[in-house]
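**Q** Give me a 3D structure for the following:
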Amino acid sequence: MVSATYPLDTSASVILDGSGNGIASLGPGLPHEHWQPGSCFVGVTTNVLEAACQLYMGSNIQSATQLSQTSKGSTGATAGLSGDMPTGYRLWARWTGGDVGQQATMRVTGTRTVGSPVL
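**A** Residues are numbered from 1 along each chain as shown. Purely as a prediction, here's the structure:
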């Protein structure tokens, strides 16, 4: 199968719950689509309470799939990423302890490939 490569620049958001917690996720959804994420920025619209944020990559959130964490999940932090994400994998951002009712956002940039991944 011939592959085609495109820029990846996408985001997902969640409204933090009554405890200031929330989870957002992104991932490839087309058949034979792979992502090669280069970075992920996380932030919240306000930072009266500074949320912690953990990033995970895989089919679910568990300690074995954790990539990164920051104590600056509200004011904003960027994590460098590498690797290949096939269809079915997701990047997850989990915020804890942020401002209730505020929007938390993750933005992923890198490359997406449809077909065989180019690594």
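
**Q** Could you use CA atoms for every contact and neighbour count after this?
**A** OK.

**Q** For the chain, just list every one of the strands.
**A** With strands called from DSSP state E, the chain shows them at 4-15, 22-26, 33-44, 52-58, 66-70, 77-80, 85-86, 90-96, 103-114.

**Q** Next, the buried residues of the fifth one.
**A** Within strand 66-70, the residues that count as buried by 16 or more other Cα atoms under 10 Å are 66, 67, 69, 70.

**Q** Pairing partners for it, with directions?
**A** strand 52-58 (antiparallel) (DSSP bridges).

**Q** contact partners of the partner strand?
**A** The contact list for strand 52-58 (Cα atoms under 8 Å, 6 or more residues apart in numbering) reads 42, 62, 65-74, 85, 88-98.

**Q** Rounded mean pLDDT for stretch 9-29, please.
**A** Stretch 9-29 comes out with an average pLDDT of 97.

**Q** what do you get for stretch 92-102?
**A** Stretch 92-102 comes out at a mean pLDDT of 97.

**Q** what does stretch 58-75 give?
**A** Mean per-residue pLDDT for stretch 58-75: 93.

**Q** Distance from the chain centre to that stretch, please.
**A** 9 Å (Cα atoms, centre = their mean, to the nearest Å).
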